[in-house]
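> give me a 3D structure for the following:
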Amino acid sequence: MGATTRTNFRSMAGGEITPEMYGRIDDVRYQTGLALCRNFVTLPHGPAQNRAGFEFVRAVKDSTKKTRLLPFTFSATDTVVIEFGAGYFRFHSQGGTVLSSGSPYEVANSYAEADLFDVKFVQSADVLTLVHPGYVTQELRRSGATSWALANATTGPGITAPAGLAVTPTTAGASFLRNDAYVVTSIKDDAESSASAAVTATNNLTAANTYNTVSWTARTGATGYRVYRQAGGLFYLIAVLDGNGSVSVIDDNLPANGGITPPQASDPFAASNYPGAVTYFEQRKVFAGSTAQPQNIWTTRTGSEVDFNFSVPPRDDDSIQFEIAARDYNQIIHLVPLQDLIVMTQAGEWRVFSGNTALTPGSFGVRPQSFVGAGHATPITTGSNLIFADTAGHVREMSYQDTAAGYLTGDLSLRAPHLFDTYEIVDSAQTKSPYPILWFVSSSGKLLGLTYIPEQQVAGWHQHDTAGVFESIASVREGSETALYAIIRREINGSSVRYVERMRSRAFTDAADAFFVDAGVYYSGAAIDEVTSGLSHLNGETVSILADGAVCPQQTVSAGGLPEPLPAEASTIIIGLPIEADLQTLPFAVEMPGAGQGRPKNVNEVWLRVYRSSGVFAGPSFTSLTEYKQRTTEVYGAPPNLTTDEIAIKIGPQWQTNGQICIRQSDPLPLTVLSISAETVIAG
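Here you go, the predicted structure:
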């Protein structure tokens, strides 16, 4: 005889945890964790739902080469995912490809396949800046949907000094003459050019009725000029002409501003000294990590994108250039703007700060925060937290702590190391709506998701696979949700191909629109029962079919279509590669001596509270599953209605040590599990 007990798993927000923690029934995450969360997404408020499928967008230009995706957001309603390949860019939006004259619109580039994933980028308005130590800094500029241009980034204030500088002295017979030298700079908006060549006049400006007339030729585009006179070896400001059209100044011993000198020209990236990291911070564009100067940081002047000029003595808005002093001489690979500027290498993390003032040449400090070391995947900022992959392939969070007066890091992979150990994180993205999820591409080929709301202490991992290998991801806002795009390498009909695919929204009203297949296509139109085209990208593959919400028998694609007619005509048809989604509860623990460990258990019946679900299978193992028969009063020939209720499934008895429950969805249908209850017999 044994004792019968009833258990209730109320939340799955803890996500999948490692088998190494199966003995930690005292851990708070054990109460909300899962042994397996495969192709399911855990939601912040507790449920788990099978992920939506990936819709086929287009094959990449050259499937023999790795390709990367980059996000581009011009506005909330104007977003693009860029297909970044060796030698080209393509553009995808709203699940389609931007075309020009019927062909994918392209812009050429000079990047090699091996360097694509080491390129760092930052966007400002309609310009995407791309940096890599092996390439001159590039700017991809958008001026229209099919009007993009790639060009080398320039440095400098964007305007040059005026030409034709001359000085005419009026001496009035003065004695004790001396030489006075002058330079002039051009002003354009907030930028100031470097100084012109100096001109000299002999005079004594302290004598009565003496002066020097300084003149020059107007510079096209200039909105003003500044005139400087030499004293003690430096040139100091004596006159400012802003917007009045004047191209001359009379110097009758004008007072000099001893704190303002003309900018000194600076191009830190000359001689192929190209940076490897880039960001924006406090109205400055920041670069770092060149091959020749791997631990150097360069910022532009305040408010400038390209101006690295500086003055002597320095001004608060001058460019800043410095080297981080560290024990290890590792190249800076990431720059991340938070409350401070976070600098990341493969050996550690630093913050560049200025207290309660803005960053200036005379007011900043650098302090190490941790010595974890970052991988090459792009870090993610969410709220005030920084999420990054470390060199060991784990995912870590970094946030400012007042008590520590600095940034502390923690391992978000701590409870699921089996998903990360021996692998690397190769790409990352985040979707903010409808739920905040961080996504990571693992070198294992899987897509790893983390449902993450730190203020609510929600952090649940889930793993996703497909009939292929995930290689790159990017996310952009499309409508009210964030769309996740992926490049997936698949073996189709004996050939290796790479597809751009987009995860469909899970928001649907009619069950006929439920999209739960990969590399899938969606048809909506006149009712048909034959599909003869549109499936060439799946030739030779066995596909799942949903027709007007009804699951049809699987077929193998041939000649770009289905070889057999559908059982009935349908006006909404979804076809694609099957997705197998699995949930498994953690080993059973109950309030009794030893928490019930070491006693055989037998689960007799399972109650699942589900929401808008269909096609539910459950059992004590994935090899012994029982289908829930949910057809009730539906019209003959119509698919079963989606169920929102508590459903009971009597499962095949099976004595086991763990008493786990397995749930599977293998049909192209939705399944949202709100809670799991089980009647379990524990051997005496």
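
> how about residue 493, nearest residue that isn't a chain neighbour?
Distance criterion CB to CB, 6 or more residues apart in numbering; nearest residue to residue 493, sequence neighbours excluded, is residue 540 at 3.4 Å. C-beta: built from backbone N, CA, C; applies to glycine.

> the one you found - how many residues pack around it?
Using other CB atoms under 10 Å, residue 540 is surrounded by 12 other residues.

> can you name the residues that contact it?
Neighbouring residues of residue 540 by CB atoms under 8 Å, 6 or more residues apart in numbering: 492-494, 556-558.

> dump these into CSV; add neighbour count and secondary structure as well.
Output for these, formatted as CSV (neighbours: other CB atoms under 10 Å; DSSP: H, G, I helix; E, B strand; the rest coil):
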residue, neighbour count, secondary structure
492, 21, strand
493, 14, coil
494, 7, coil
556, 13, strand
557, 22, coil
558, 15, strand
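
> quick one: contacts for residue 58?
By CB under 8 Å, 6+ apart, the contact set of residue 58 is 92, 97, 104, 499-500.

> quick one: residue 262 from residue 311, how far?
Distance, residue 262 to residue 311, using CB to CB, to the nearest Å: 7 Å.

> which one's more surrounded, the two?
A count of neighbours by other CB under 10 Å puts residue 262 above the other of residue 262 and residue 311, at 24 against 19.

> how about the contacts made by that one?
Residues near residue 262 by CB under 8 Å, 6+ apart: 183, 185, 192, 194-195, 226, 228, 235, 237, 311.

> now, the most widely separated pair of the residues you listed?
Maximum pairwise distance in those, criterion CB to CB, is 14.3 Å, between 194 and 237.

> between the contacts of residue 540, which is closest to residue 567?
For those, the minimum distance to residue 567 (CB to CB) is 16.7 Å, reached by residue 556.

> contacting residues around that closest one?
540-543, 563 are the contacts of residue 556 under CB under 8 Å, 6+ apart.

> just the buried ones from the residues you listed?
Among the contacts of residue 556, those scoring as buried are 541, 543 (criterion: 16 or more other CB atoms under 10 Å).

> which of the contacts of residue 556 lies closest to residue 486?
Closest approach to residue 486 among the contacts of residue 556 (CB to CB): residue 541, at 17.8 Å.

> element containing the residue nearest the centre of the chain, please.
Most central in the chain under CA atoms, centre = their mean is residue 429, positioned 3.7 Å from the mean C-alpha point. Using DSSP states H and E, residue 429 sits in strand 425-431.

> now render the contacts of residue 556 as TSV, adding secondary structure, distance to residue 477 and pLDDT.
Converted to TSV, these look like this (DSSP: H, G, I helix; E, B strand; the rest coil; distance: CB to CB, whole Å; pLDDT from 0 to 100):
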residue	secondary structure	distance to residue 477	pLDDT
540	coil	36	97
541	coil	32	98
542	strand	35	98
543	strand	30	98
563	coil	40	97
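
> how about the contacts of residue 556 in a markdown table, adding distance to residue 34?
Conversion of the contacts of residue 556 to a markdown table gives the following (distance: CB to CB, whole Å):
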| residue | distance to residue 34 |
| --- | --- |
| 540 | 35 |
| 541 | 30 |
| 542 | 29 |
| 543 | 29 |
| 563 | 39 |
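
> the strand holding residue 429 pairs with which strands?
Under the criterion DSSP bridges, strand 425-431 sits next to strand 437-442 (antiparallel) in its sheet.

> which SSE is immediately downstream of the partner strand?
strand 447-453.

> immediately after that next one, which helix or strand?
Of the helices and strands lying after strand 447-453 in sequence (DSSP H and E), the nearest is strand 458-464.

> who touches that following strand?
Strand 458-464 has contacts (CB under 8 Å, 6+ apart) with 12-17, 32-33, 37-42, 44, 48, 51, 412-413, 415-416, 419, 446-453, 470.

> kindly report the same for stretch 27-37.
Stretch 27-37 is contacted by residues 10-17, 19, 21-22, 24, 42, 46, 48, 415, 460-463, 582-587, 589, 660, 662 when judged by CB under 8 Å, 6+ apart.

> which among these count as buried?
Among those, the ones that count as buried by 16+ other CB under 10 Å are 11-17, 21-22, 42, 46, 48, 415, 460-463, 582-587, 589, 660, 662.

> and those, which of them are in strands?
Secondary structure from DSSP state E places 15-16, 42, 48, 460-463, 582-584, 662 of the buried ones among the contacts of stretch 27-37 in strands.

> can you lay out these as JSON lines showing distance to residue 323 and pLDDT?
Output for these, formatted as JSON lines (distance: CB to CB, whole Å; pLDDT from 0 to 100):
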{"residue": "15", "distance to residue 323": "42", "pLDDT": "95"}
{"residue": "16", "distance to residue 323": "43", "pLDDT": "97"}
{"residue": "42", "distance to residue 323": "44", "pLDDT": "97"}
{"residue": "48", "distance to residue 323": "49", "pLDDT": "97"}
{"residue": "460", "distance to residue 323": "41", "pLDDT": "96"}
{"residue": "461", "distance to residue 323": "39", "pLDDT": "97"}
{"residue": "462", "distance to residue 323": "42", "pLDDT": "98"}
{"residue": "463", "distance to residue 323": "41", "pLDDT": "98"}
{"residue": "582", "distance to residue 323": "51", "pLDDT": "98"}
{"residue": "583", "distance to residue 323": "52", "pLDDT": "97"}
{"residue": "584", "distance to residue 323": "52", "pLDDT": "95"}
{"residue": "662", "distance to residue 323": "56", "pLDDT": "92"}
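
> can you list the contacts of residue 540 in CSV and add distance to residue 631 and pLDDT?
Listed next are the contacts of residue 540 as CSV, based on distance: CB to CB, whole Å; pLDDT from 0 to 100:
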residue, distance to residue 631, pLDDT
492, 35, 97
493, 36, 93
494, 40, 92
556, 28, 98
557, 29, 98
558, 32, 97
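
> nearest to residue 398 among these?
Nearest to residue 398 among these is residue 492, at 40.5 Å by CB to CB.
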